[in-house]
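Visitor: got a sequence here, can you model it:
(one chain, ligands or ions: 2)
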Amino acid sequence: MSISDSLWEAPAARGPVTGKIRVPGSKSLTNREMVLSTLADGPSLLRGALWSRDTQLMLDAIKSLGAKAKVVLPDSTSTSRVDIEVSPAHYLSWRANTAQATSGCERTGSAITLAEVDCGLSGTVMRFIPPLAVSLGVSARFDGDPQAYLRPQATLIDALRQLGAVIVEHGDPGSLPFTVQMPSESARLSSPAESLTTPVVTIDSSGSSQFVSALLLIGAALPQGLFLRARGKLPSLAHVEMTIDCLAQRGVTVHQVKSGYLNEWKVDPAPIAMRSVRLETDLSNAGPFLAAAAVTGGEVSILDWPEHTTQAGDAWREIMPRLGVKISWENGTLTARGPAGGASALHGIDCDLSAYGELTPTLGAICALSSEPSRIRGIGHLRGHETDRLKALVTEVERLGGRARASRDEIEFLSPVTKPGVVESYHDHRMATFGAILGLKLPGLRVREIETTAKTLPDFVQLWSSLEGLA
Ligand SMILES: O=C(O)C1=C[C@@H](OP(=O)(O)O)[C@@H](O)[C@H](O)C1
Ligand SMILES: C=C(OP(=O)(O)O)C(=O)O
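Guide: Residues are numbered from 1 along each chain as shown. Ligands and ions are numbered 1, 2, ... in the order given. Here you go, the predicted model:
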């Protein structure tokens, strides 16, 4: 991988930072809705969807599997908020209505011989699309960024094999690139996914919740539904709840049979309803703006914060007060008020972030500026994110004169950062925004490849610069 020369000088705060920010739509919701729209019983409209690298890759992916999708109405206030129309893929889709659910499925002929899917560095694309291809009966080759080859895929490959797909791995075992080959029509009819009994798929869920979400998303589209058994820890519980909720909004019930260290879910075959939906604000991406208020003793509001949501980022409402940041929500606007004195007045925190792991780099930036030590637990699975986030956080904190330590499943922030430097983003959008937060308090700090924020927030630099109180 080449090291880019692009260095962005992060603006420092002159004093308390203030602002009212409108963050684009949620990546996790946008990409789930595109997958479900591909399997739906009619056209869907996704209003205020996120338009970023991850969602563009998802749109291309569902198109390559036979969905028709187009961006209809760029939002006039932001190029990263769009409306997306999706018509389902009908090539080999199951039609699991009540009559057919008992007798099998109805298929129409596929025109696709081999789809090509670029996953970029997107976890949702690399985990959600291969099962979608299986459910549609489309063979597809999956590739991505070189760094994506390091993200765990073995669990998913194994699950697809359990469903009867043939997987040809082109690189290291259990990673991208690979090809999903659908068996011939006759072989397919005897494969587990198409037998007359519900297929049982057993996986180890400890690496990523996305394996679970990926399989639940297609369960209702399989002719006999799906029984999913997941052993081991289940990280990012909030994202699994989001998956179940998105399915419920489209008329699909996921029955949780067991929970705990062994989770079991049953999804019956059912039509997935078409849907017109307005996508919620991305609350994880709202985090760095709330952090700006926290570390400068400022006041930042996020517009269009949903009252009820399954998003992991809603946990900011509980996390921020523990740090000494006041949070209020009124009429859809969430406001964070940092303590007078900013970073030096923040409390240290000891918290289990396993259910909301993607908030770690942002919380890590706050912890790295606080003079009290902090500990974030339950986040070992972040080693398989865009980069090994535990390692990256320790490296960057130490580069800037702070002290941090990572062990298998947690990270400790022992003493605060003291000096500016170049923060590496490792192609990780959340490491790039981690650098921006630190830059508020360390004048002269630069972030390598701030453009990597385009993965989920292409407007980041513009939105960040709109904060008031920056030098
Ligand atoms: O399903 C999703 O949309 C996501 C699930 C989580 O993945 P992991 O369970 O791998 O942490 C999360 O961290 C990621 O940002 C998005
Ligand atoms: C882990 C993340 O992304 P992905 O969807 O690529 O897994 C993230 O956004 O923090």
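
Visitor: do you know the pLDDT at the closest residue to ligand 1 within the stretch 51-200 of the chain?
Guide: Nearest to ligand 1, among the residues of the stretch 51-200 of the chain, is residue 124, at 5.0 Å (C-beta to the nearest ligand atom). Glycine gets a C-beta too; all of them are placed from N, C-alpha and C. pLDDT recorded at residue 124 is 98.

Visitor: residue contacts, it?
Guide: 27-28, 31-32, 54, 58, 210 (C-beta atoms under 8 Å, 6 or more residues apart in numbering).

Visitor: and it, what element?
Guide: Using DSSP states H and E, residue 124 sits within helix 123-136.

Visitor: only alpha carbons, please: show stretch 353-369 as PDB.
Guide: Output of stretch 353-369 as PDB, limited to C-alpha atoms (Å, rounded to 0.1, in the frame of the first residue of the first chain):
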ATOM      1  CA  LEU A 353     -18.000  -0.800  24.300                       C
ATOM      2  CA  SER A 354     -18.500  -4.300  22.800                       C
ATOM      3  CA  ALA A 355     -22.100  -3.500  21.700                       C
ATOM      4  CA  TYR A 356     -21.000  -0.200  20.100                       C
ATOM      5  CA  GLY A 357     -17.400  -0.900  19.100                       C
ATOM      6  CA  GLU A 358     -17.400   1.500  16.100                       C
ATOM      7  CA  LEU A 359     -17.500   4.400  18.600                       C
ATOM      8  CA  THR A 360     -14.100   3.500  20.000                       C
ATOM      9  CA  PRO A 361     -11.800   5.700  17.900                       C
ATOM     10  CA  THR A 362     -13.900   8.800  18.700                       C
ATOM     11  CA  LEU A 363     -14.200   7.900  22.400                       C
ATOM     12  CA  GLY A 364     -10.400   7.100  22.300                       C
ATOM     13  CA  ALA A 365      -9.600  10.700  21.100                       C
ATOM     14  CA  ILE A 366     -11.500  12.100  24.100                       C
ATOM     15  CA  CYS A 367      -9.800   9.700  26.500                       C
ATOM     16  CA  ALA A 368      -6.400  10.600  24.900                       C
ATOM     17  CA  LEU A 369      -7.000  14.300  25.700                       C
END
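
Visitor: separation between the residue of the stretch 51-200 of the chain closest to ligand 1 and residue 443?
Guide: Per C-beta to C-beta, to the nearest Å, residue 124 is found 36 Å from residue 443.

Visitor: and if you look at residue 43?
Guide: 51 Å.

Visitor: residue 118 now?
Guide: Residue 118 is 39 Å from residue 443, by C-beta to C-beta.

Visitor: more neighbours, these two?
Guide: Using other C-beta atoms under 10 Å as the criterion, residue 118 and residue 443 rank with residue 118 on top: 18 against 14.

Visitor: what bridges to the more buried one?
Guide: On the basis of DSSP bridges, residue 118 is bridged to residue 143.

Visitor: next, the contact list for it, please.
Guide: Residue 118 touches 57, 60-61, 143-144, counting by C-beta under 8 Å, 6+ apart.

Visitor: go again using 7 Å as the cut-off
Guide: 57, 60, 143-144 (C-beta atoms under 7 Å, 6 or more residues apart in numbering).

Visitor: for the residue in the stretch 151-300 of the chain positioned nearest to ligand 2, grab the count of nearby residues.
Guide: The minimum distance from the stretch 151-300 of the chain to ligand 2, using C-beta to the nearest ligand atom, falls at residue 210 (6.3 Å). Neighbours of residue 210 under the rule other C-beta under 10 Å: 26.

Visitor: surely it and residue 123 touch.
Guide: Yes. The criterion here is C-beta atoms under 7 Å, and residue 210 meets it with residue 123 at 5.3 Å.

Visitor: on that earlier part again, tell me how far the helix holding residue 124 lies from the chain's centre.
Guide: 14 Å (C-alpha atoms, centre = their mean, to the nearest Å).

Visitor: you'd agree residue 158 is in a helix?
Guide: Yes. Assessed with DSSP: H, G, I helix; E, B strand; the rest coil, residue 158 lies in a helix.

Visitor: residue 167 versus that one, what's the distance?
Guide: In terms of C-beta to C-beta, residue 158 sits 9 Å off from residue 167.

Visitor: from this protein, which residue is nearest to ligand 2?
Guide: For the chain, C-beta to the nearest ligand atom, closest residue to ligand 2: residue 123, 2.3 Å.

Visitor: contacting residues around that residue?
Guide: Taking C-beta under 7 Å, 6+ apart as the test, what residue 123 contacts is 151, 208, 210.

Visitor: turn the residues you listed into JSON lines, columns for secondary structure.
Guide: Conversion of the contacts of residue 123 to JSON lines gives the following (three-state DSSP):
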{"residue": "151", "secondary structure": "coil"}
{"residue": "208", "secondary structure": "coil"}
{"residue": "210", "secondary structure": "helix"}
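
Visitor: following element in sequence after the longest strand along the chain, please.
Guide: As assigned by DSSP state E, the longest strand anywhere in the chain is strand 13-21. Counting by DSSP H and E, the next helix or strand C-terminal to strand 13-21 is helix 27-39.

Visitor: compute the inter-axis angle for that next one and helix 123-136.
Guide: Put simply, helix 27-39 runs at 10 degrees to helix 123-136, going by axes from the mean of the first three to the mean of the last three C-alpha atoms, to 10 degrees.

Visitor: whichever helix or strand comes after helix 27-39: partners in the sheet, and parallel or antiparallel?
Guide: For helix 27-39, the following helix or strand on the C-terminal side (DSSP H and E) is strand 44-50. Here strand 44-50 has these sheet partners by DSSP bridges: strand 81-87 (antiparallel), strand 276-278 (parallel).

Visitor: no more questions from me, cheers.
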